[in-house]
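J.: this one's structure only:
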């Protein structure tokens, strides 16, 4: 059995498969490219590949594939990520959103990942039901909302679309206002929006 590819090799594979998918002229070519894109998700460390793609790829569709993989990883690997790794992922996504040349579909997927990231942080910070524990501090949502506020308040307005994408994705991810955690999150978002 061969060793799994390095993050750089995996990223190149995703880029090549993404380009093959985009340039496919037949259903067979497209299916082959899709198989490659699905196969890389079975790699033992897909987050490293995602980071590599988001940092270095010039192919928008490859970045989208990285964001799709990352969203899956946030659900399956969250408990195994250290607070530093979680923070690094959030900062990586915020930097991606701040880039002016990002395709709209990549920006939307990055904003959605930020919302999912904040939701996992909040849900995993809650104490177990019936427990007297206070739970761990959830900082991702606050950091995300502060970043969106700073983007909106920037005098040039260059990052306003990205900030609005974050707010929209967060509201969508957390659902309709209600009591409990969802209501608290939506209440915090409403306070930010009122202050603008």
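T.: Arrived safely, thanks for sending. None of the values given here were measured: they were computed from a predicted structure. Numbers count the residues shown, from 1 in each chain.
J.: when you work out contacts or count neighbours from here on, use the C-alpha atoms and nothing else.
T.: Noted.
J.: this structure: helices as residue ranges?
T.: Along the chain, counting by DSSP state H, helices occupy 7-23, 27-39, 46-56, 60-77, 83-98, 104-125, 140-153, 160-174, 180-194.
J.: residues touching the shortest one, excluding its own?
T.: Yep, that's helix 46-56 we're talking about. 6-8, 10-11, 40, 62-63, 66-67, 69-70, 73, 92, 96 (CA atoms under 8 Å, 6 or more residues apart in numbering).
J.: repeat that for the fifth one.
T.: Surrounding helix 83-98, the residues in contact under the criterion CA under 8 Å, 6+ apart are 51, 54-55, 102, 107, 110-111, 113-114, 117, 140, 147, 159, 162.
J.: would you reformat the residues you listed as CSV and include pLDDT, distance to residue 81 and neighbour count?
T.: Listed next are those as CSV, based on pLDDT from 0 to 100; distance: CA to CA, whole Å; neighbours: other CA atoms under 10 Å:
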residue, pLDDT, distance to residue 81, neighbour count
51, 94, 14, 22
54, 95, 18, 25
55, 94, 19, 14
102, 88, 27, 16
107, 94, 24, 27
110, 96, 19, 31
111, 95, 20, 27
113, 96, 15, 25
114, 95, 15, 27
117, 92, 12, 25
140, 85, 14, 21
147, 90, 22, 16
159, 87, 29, 20
162, 88, 26, 24
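J.: need the residues you listed in CSV (columns: distance to residue 88).
T.: Formatted as CSV, those follow (distance: CA to CA, whole Å):
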residue, distance to residue 88
51, 10
54, 13
55, 12
102, 20
107, 18
110, 14
111, 15
113, 13
114, 12
117, 11
140, 11
147, 14
159, 20
162, 19
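J.: which residues touch the residue nearest to residue 57 when sequence neighbours are not counted?
T.: Nearest residue to residue 57 in three dimensions, chain neighbours excluded: residue 63, at 6.8 Å (CA to CA, 6 or more residues apart in numbering). For residue 63, the contacting residues are 50, 53, 54, 57, 106, by CA under 8 Å, 6+ apart.
J.: rewinding a little: looking at the helices of the chain, which one has the lowest mean pLDDT?
T.: Mean pLDDT is lowest for helix 180-194 out of these, coming in at a mean of 53.
J.: hmm, who's touching stretch 139-150?
T.: Counting by CA under 8 Å, 6+ apart, 87, 90, 94, 114-115, 117-119, 121-122, 162-164, 166-167, 189, 192 sit against stretch 139-150.
J.: 6 Å instead?
T.: Counting by CA atoms under 6 Å, 6 or more residues apart in numbering, stretch 139-150 makes contact with 118, 163, all of which sit outside it.
J.: could you list the domains of the chain?
T.: Domains of the chain are assigned by automatic domain parsing as 1-80, 82-196.
J.: please compute how far the longest one lies from its chain's middle.
T.: How far domain 82-196 lies from its chain's middle: 10 Å, per CA atoms, centre = their mean, to the nearest Å.
J.: understood, closing this out.
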